[in-house]
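In: Dropping a prediction and its sequence here:
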Amino acid sequence: MPGVAGLRRDGVDRAARVTGASAVTLGGSIFILGGSVGGAPTDRIWRFHPATGRTIEAGALPYPVAFASAVVVGDTAYLVGGEGGRTLDTFVELRPAS
């Protein structure tokens, strides 16, 4: 898959094309974490709701990152490493809002 094209925010198509993003499932949603937009790492987090088919912008990572690894343990997602100026020992902990 070359990227996530036409992300939707509140039902409106987005022009952004995201490559090198990480994705995890939490609480019945798919979270798309970081990636590269226009060749530059991004700090954006998107949340895709499969039931509605909509994607919303859900927040920001503490720094832009692409090509990171992500894993879920229990109800927490961890983003590790990637490209964007941080080292491989950098962890970002993510939990969906209650």
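Out: Okay, I see it. Numbering: from 1, shown residues only.
In: just the strands in this protein please.
Out: 4-5, 8-9, 12-13, 17-19, 22-26, 29-33, 36-37, 40-41, 44-49, 54-60, 69-73, 76-80, 91-94 (DSSP state E).
In: Report the strands that pair with the fifth one, each with its relative direction.
Out: Strands adjacent to strand 22-26 in the sheet, as given by DSSP bridges, are strand 29-33 (antiparallel).
In: list the contacts for Ala60?
Out: The contact partners of Ala60, taken as C-beta atoms under 8 Å, 6 or more residues apart in numbering, are 43-45. Glycine gets a C-beta too; all of them are placed from N, C-alpha and C.
In: In CSV: those, plus neighbour count, pLDDT and distance to Ala21.
Out: Output for the contacts of Ala60, formatted as CSV (neighbours: other C-beta atoms under 10 Å; pLDDT from 0 to 100; distance: C-beta to C-beta, whole Å):
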residue, neighbour count, pLDDT, distance to Ala21
Asp43, 15, 90, 12
Arg44, 20, 91, 9
Ile45, 19, 91, 10
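In: Let me know the closest of those to Phe31.
Out: Phe31 has its nearest neighbour among the contacts of Ala60 in Ile45, at 6.2 Å by C-beta to C-beta.
In: Now for that closest one: which residues touch it?
Out: Going by C-beta under 8 Å, 6+ apart, Ile45 touches 31-34, 57-61, 94.
In: Let's see the PyMOL selection covering just the buried ones among those.
Out: Paste this into PyMOL to select the buried members of the contacts of Ile45, with burial taken from 16 or more other C-beta atoms under 10 Å:
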select buried, resi 31+32+33+34+58+61+94
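In: export the contacts of Ile45 to TSV and tack on pLDDT and distance to Ala77?
Out: Formatted as TSV, those follow (pLDDT from 0 to 100; distance: C-beta to C-beta, whole Å):
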residue	pLDDT	distance to Ala77
Phe31	92	7
Ile32	92	11
Leu33	92	8
Gly34	92	12
Glu57	90	17
Ala58	89	12
Gly59	89	12
Ala60	89	15
Leu61	89	11
Leu94	74	4
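In: Nothing else from me, thank you.
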